[in-house]
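# Give the three-dimensional model of this entry:
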Amino acid sequence: MPSVRDFYQVNRGGGLFSEAVSQRLGAATAYAASRAGLRPTTLTLANLLVGLAVSVIVVLRADSWAGWIGVLALVGWQVAYVLDCSDGQLARVTGQRSAAGARIDILCDVASQIALVTAISAVAAARSDAPVWLLTMFAGTWMVNLITSVLQSGPNADSMMPSQSLPVRVVKLVRDPGVVFLLAGLVLAIQADWAVWYAAAFTFVNGGFLLASIAFTARKAYQPS
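Predicted coordinates for the structure are as follows:
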């Protein structure tokens, strides 16, 4: 029977925080799921269900806010991400990997993150004078992380900052999914009025990374093959 350590050893990272916290919790979840005979897709769908349920509650209560909603978002989005970390570990260790499983994992990630962005935008719109253009850019640039993650896999993968040194990994925390979801929950739990500043900050981060990626890739494309 595989141990928690066996599951953790096949994790796919995600960043300094994700590896230290989310992937370890994911390994424990994958271990428990293995003992219970669950399939990886069950964890994938559980991630989607939890993420959607939390985001829907946040959207519905954006105009009549209460402290418990922020706490629910903080805990719920972290639980959803742990489930997202666990399904791949379970699939790899137990030999249940499949093309369909990989596709549904990506599709559920997209759906969950659309729901999270909708929740943050709803709170920002309800509790501040957030301009429409900002919320639109926030939603549009949010998917940069998912797109670049897909592009950075396979034989043609490349990275602007390939170093694994501690200073570089600390800088990359701003793009670590575990940190991004944690900050979203903390903002809603501590001061929901700050949701507009969260949207502005990540519009700047993701938009800046997109432009930098375009410049980096264009430079590579012009180099002799």
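# Tell me who's in contact with the residue nearest to the spatial centre of the chain.
Relative to the mean C-alpha position of the chain, the nearest C-alpha, by Cα atoms, centre = their mean, is the one of Pro177, at 3.8 Å. Applying Cβ atoms under 8 Å, 6 or more residues apart in numbering to Pro177 gives the contacts Gly14, Gly15, Ser18, Ser22, Tyr81, Asn145. All C-beta atoms are positioned from the backbone trio N, CA, C, and that covers glycine.
# what does Ala53 give?
Per Cβ under 8 Å, 6+ apart, neighbours of Ala53: Gly76.
# In the helix or strand where it lies, which residues are buried?
Using DSSP states H and E, the secondary-structure element containing Ala53 is helix 40-60. If you call a residue buried by 16 or more other Cβ atoms under 10 Å, then helix 40-60 has these buried ones: 40-41, 43-48, 50-52, 54-55, 57-59.
# ok, so of these, who is nearest Ala221?
Nearest to Ala221 among the buried residues of helix 40-60, counting by Cβ to Cβ, is Thr44 at 34.9 Å.
# Now name the helix or strand holding the nearest residue to Ala189 once chain neighbours are set aside.
Excluding the flanking residues, the one nearest Ala189 by Cβ to Cβ, 6 or more residues apart in numbering is Gly70, at 3.6 Å. According to DSSP H and E, Gly70 maps onto helix 67-94.
# now the helix holding Ala53 and helix 67-94, what's the angle there?
Going by axes from the mean of the first three to the mean of the last three Cα atoms, to 10 degrees, helix 40-60 is angled at 170 degrees with respect to helix 67-94.
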